[in-house]
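Visitor: 3D, please:
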Amino acid sequence: MNEEAQTSRTGLWMTLGILGVGLAIGLAAFLESGRETEVVAPRTMGIWTNGADGGIVRYEFFLSRKKTGFFLDPPYYQNYGDGEYKGRDISLATVCERAAEVLPNRITIDLPRSDYRHEIELKILDGDKMALMPILRNELAKNLGVTFHRETIRTNILSIVAPNGLPSAFKAAAPTNSSGWNVSSGKWTGHNVAFDGFTRQLGNLLRRPYTNATGFDGRYDFSIELESFAGGEEKARAIVQQLGLELKEEPASVDWTRVTQE
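Guide: Numbering: from 1, shown residues only. Model prediction:
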């Protein structure tokens, strides 16, 4: 086969590939457009009496939902802060996990399987912006039958201990008003971070109840080389081992949140 024919055939396959991708995207968009949106709570104004101080909070709320498509669902969007919450193409479980205002390792989401994705907008118009999540929980209960059960359970927790003292990767931080951490290029660095904040991040990875039993209450700078391993609990345990810390399992009573739907 001469070079000209080879080039022509390559161009043909590229053209067919592009057309195929275009047809797939077009079909997905067509099927997506056919999903009907159900407005569960039209955009309305509401009034909330803040239990903390009895103050009146005025807010605006909107909720709709639609079933997932035949192809890949679009990535969800969630943003909250400054008295406003917005969610788009978001599952109810994800909304509830945020609305509960608890650590990921202190909650059980016990919802029926659902093919719905939601659009939610909540905005505090006047009053205490800290009432945002209590109002969101109330609207989820009123419109979708969601209940947030607060309870105390007896379970095994992980105690993070330091049998060898402060890990060498941690150095006492100089007094400063700034703090934070960063994970990039296989390294986890922190600046002026409380050790309790560090263990909280480990607890989030473990997704199990934990307690910081190291006794370290200062603020530290640290730099940890992250080895190649999976996420979640395996990642947390690898970091613990690398730093010379230990996890001890012991029974304890912990505050827990369980989310259900009628």
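Visitor: residues touching Arg58, list them.
Guide: Contact analysis of Arg58 by Cβ atoms under 8 Å, 6 or more residues apart in numbering lists Met45, Gly46, Ile47, Trp48, Ile124, Leu125, Asp126, Gly127. C-beta: built from backbone N, CA, C; applies to glycine.
Visitor: Just grab the bridge partners of it for me.
Guide: As for beta bridges, Arg58 partners with Ile47, Asp126 under DSSP bridges.
Visitor: if we can go back for a sec, ok, of the contacts of Arg58, which one's closest to Glu139?
Guide: Top of the list for closeness to Glu139, among the contacts of Arg58 and by Cβ to Cβ, is Gly46 at 7.8 Å.
Visitor: Check whether that closest one really touches Glu60, as I assumed.
Guide: Yes - applying Cβ atoms under 8 Å, one finds Gly46 in contact with Glu60, separated by 7.4 Å.
Visitor: Quick one: buried ones out of the contacts of Arg58?
Guide: Buried positions within those, assessed by neighbour count (16 or more other Cβ atoms under 10 Å), are Gly46, Trp48, Ile124, Gly127.
Visitor: Take those residues and write them to JSON lines, including distance to Ile239.
Guide: As requested, the buried ones among the contacts of Arg58 are exported to JSON lines (distance: Cβ to Cβ, whole Å):
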{"residue": "Gly46", "distance to Ile239": "44"}
{"residue": "Trp48", "distance to Ile239": "41"}
{"residue": "Ile124", "distance to Ile239": "38"}
{"residue": "Gly127", "distance to Ile239": "42"}
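Visitor: that older thread, what would the contacts of Arg58 look like in a markdown table with pLDDT and distance to Ser91?
Guide: Below are those laid out as a markdown table (pLDDT from 0 to 100; distance: Cβ to Cβ, whole Å):
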| residue | pLDDT | distance to Ser91 |
| --- | --- | --- |
| Met45 | 96 | 27 |
| Gly46 | 96 | 24 |
| Ile47 | 96 | 29 |
| Trp48 | 95 | 25 |
| Ile124 | 96 | 24 |
| Leu125 | 97 | 27 |
| Asp126 | 93 | 31 |
| Gly127 | 92 | 29 |
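Visitor: Now the two most distant members of those.
Guide: Of all pairs drawn from these, the one with the longest distance (Cβ to Cβ) is Met45 and Gly127, at 12.3 Å.
Visitor: Common neighbours of those two, please.
Guide: Taking Cβ under 8 Å, 6+ apart as the contact criterion, the common neighbours of Met45 and Gly127 are Arg58, Tyr59.
Visitor: where does this structure have low pLDDT?
Guide: When the per-residue scores of the chain are filtered using pLDDT under 70, the ranges that remain are 1-35, 51-53, 69-74, 228-231.
Visitor: Buried residues of stretch 199-218, list them for me.
Guide: Result for stretch 199-218 [16+ other Cβ under 10 Å]: buried residues 199, 201-203, 205-206, 208-214, 216.
Visitor: swap in stretch 175-191?
Guide: Residues of stretch 175-191 classed as buried: Trp181, Trp188, Gly190, His191 (neighbour count, 16+ other Cβ under 10 Å).
Visitor: now do stretch 236-250
Guide: Applying a neighbour-count criterion of 16+ other Cβ under 10 Å, the buried positions in stretch 236-250 are Ala236, Arg237, Ala238, Ile239, Val240, Leu243, Leu245, Glu246, Leu247.
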